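**Q** could you work out the structure for the sequence below:
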Amino acid sequence: MILTDRLRAHLLALLGARHPLSSPATLRQAERYLAEQFRQIGLEVSFHPFEALESTYRNVIASLPASSRTETDEDAPPLIIAAHYDTVPGSPGADDNASGLAVMLEVARSLRGVSLRRSLCFIGFCLEEQDQLGSLAYASSLKATGREIRGAIVLECVGYARSEEGSQFAPAGVPIAVPSTGDFLAIIANTASAELAGAVERAANRHVPDLKTLSLLVPGKGERLPDTRRSDHAPFWDHGYPAIMLTDTANFRNPHYHQLTDTLATLDLTFMQRVAQAVAAATIDLAGGD
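**A** Residues are numbered from 1 along each chain as shown. The predicted model follows:
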């Protein structure tokens, strides 16, 4: 069961500017927290180091092996659930992106005892705010070594929801009708990732009916709509891997985006809980769980 109290505890532990240049100590603290939490759940933790900004940074990777594979499942590529742990300078980063991290951790906890036919990788990406350098390094390494994945579900700002009319805006050029009330989860996919988007939407509709969703499929790699590329799913698209972004739409809804005011008090924990439940249910479907 995913509880709002645990989500709140993660948020409190992670809050604070986490930037490689202006607040490197807090960035490293977030890295340690993710590793510790994954280990407490019982997952195997490793690190993916990469060079950037004249230093070395690390993506945090936690693995949950398949527990009920058959002979035909032996080579099943893993499914990735990911969120970034850095912030822009000065912002405490509650919605962007402690919310995604908290949801990822609780999804991992909720799936620990589930029988799965496909392995899972939970990844905390570093330097998303620096042109997605962490996820770019990781996706590049996958491609260079010829490794396949089932897909990547990227959690990007999933904690802000409003019920007021006029609380939601849309990027220019979006080809679908966007509600004017900011109380839904957006599912952003390219056409090659439509199956992943459909799995999340179906899981939400079936298991979390109180969570409204809105799916947007973009052609190619999202080049015509740059706002659909603003997270760690984009490097996966660029390297030919299926990936989706789950988001509250960030600055198109949240006035605290990248501000000092991006604090816990602005978040909707019930909305976060529903997102976590939907992601867990979709993951079970995609990983062949019972």
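
**Q** what segments of the stretch 1-150 of the chain are helices?
**A** Under the criterion DSSP state H, counting those that start in this stretch, helices of the stretch 1-150 of the chain are mapped to 4-14, 24-41, 99-111, 133-144.

**Q** okay, the ones you listed in a markdown table with mean pLDDT next?
**A** Output for the helices of the stretch 1-150 of the chain, formatted as a markdown table (pLDDT from 0 to 100):
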| stretch | mean pLDDT |
| --- | --- |
| helix 4-14 | 98 |
| helix 24-41 | 98 |
| helix 99-111 | 98 |
| helix 133-144 | 98 |
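
**Q** tell me which of these sits most buried.
**A** Most buried of the helices of the stretch 1-150 of the chain by mean neighbour count (mean count of other C-beta atoms under 10 Å) is helix 99-111; its value is a mean of 26. C-beta coordinates here come from the backbone N, C-alpha and C atoms, glycine included.

**Q** one step back: now the helices of the stretch 1-150 of the chain in a markdown table, with distance to Pro219?
**A** Formatted as a markdown table, those follow (distance: least, C-beta to C-beta, whole Å):
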| stretch | distance to Pro219 |
| --- | --- |
| helix 4-14 | 35 |
| helix 24-41 | 34 |
| helix 99-111 | 26 |
| helix 133-144 | 20 |
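
**Q** centre-most residue in this protein?
**A** Nearest to the geometric centre of the chain sits Leu155, at 1.8 Å (C-alpha atoms, centre = their mean).

**Q** phi and psi next, for that residue.
**A** phi -100, psi 120 (degrees, to the nearest 10).

**Q** pull the number of nearby residues for the nearest residue to Leu64 once chain neighbours are set aside.
**A** Closest residue to Leu64 apart from its sequence neighbours, by C-beta to C-beta, 6 or more residues apart in numbering: Leu120 at 4.3 Å. Leu120 has 24 neighbouring residues, counting by other C-beta atoms under 10 Å.

**Q** again, but for Ala17
**A** 18.

**Q** the one 4 residues further on too?
**A** In terms of burial, Leu21 registers 10 neighbours under the definition other C-beta under 10 Å.

**Q** show me what contacts the residue nearest to Leu7 when sequence neighbours are not counted?
**A** Spatial nearest neighbour of Leu7, excluding adjacent residues (C-beta to C-beta, 6+ apart): Ala102 at 4.8 Å. For Ala102, the contact set (C-beta atoms under 8 Å, 6 or more residues apart in numbering) comprises Arg6, Leu7, His10, Leu11, Leu14, Gly159, Met272.
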